[in-house]
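# 3D model of this:
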Amino acid sequence: MDAKFIIEVVRWLMNETLRIFWTGDREKVAKAIREILQFDVPCVGKFEDVIMVQRTDLTPDEEVLVLLHFAGETGFTRTQLGKYVYAAAPRVTEALQRLIAPHTRRVVKLPNGSFRLTDLGSKHMREELADKMLVQ
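Down below sits the predicted model:
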């Protein structure tokens, strides 16, 4: 079976299970579903205070997306992304600009200054970059 298909089946099962059996606040169930969908990112390692994408074949755009997927709903600030993405500072800024652009909308800048994935960004991660989240 295709990995994308399995992910979508698991996603659907979890959504339906929570929708049917959750009796609390709908916003809390929505948040729970979003957190469950943030599946493991094996290519991201955390070594004390250092977060590192352990693949060397990603573009700056892909590396930003992988890190934001890893960060979940909290996201990362521009400073954190600059620290964790192994690319020159201008490349990180250009990647964020492309990912926020109206024709892409994969990343959103939150009022607190952090960046996080949009639903389109999460979908892109599941459908297009799932294989790149594994360690080489």
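# make it CA atoms for all contacts and neighbour counts henceforth
Noted.
# please name the nearest non-neighbouring residue to residue 61.
residue 95 (4.8 Å; C-alpha to C-alpha, 6 or more residues apart in numbering).
# in the helix or strand where that neighbour lies, what's buried?
Counting by DSSP states H and E, the secondary-structure element that holds residue 95 is helix 89-100. The neighbour-count check on helix 89-100 (16 or more other C-alpha atoms under 10 Å) flags 91, 92, 93, 95, 96, 98, 99, 100 as buried.
# mean confidence for that helix?
Per-residue pLDDT over helix 89-100 has a mean of 97.
# quickly run through the sheet partners of the following helix or strand past that helix, with directions.
The C-terminal neighbour of helix 89-100 among helices and strands, as given by DSSP H and E, is strand 107-109. Applying DSSP bridges to the sheet, strand 107-109 is found paired with strand 115-117 (antiparallel).
# tell me how far the strand it pairs with is from the chain's mean position?
Using C-alpha atoms, centre = their mean, to the nearest Å, we find the averaged C-alpha position of strand 115-117 to lie 7 Å away from the chain's own average C-alpha position.
# again, but for stretch 56-70
With C-alpha atoms, centre = their mean as the basis, the distance from the averaged C-alpha position of stretch 56-70 to the chain average is 9 Å.
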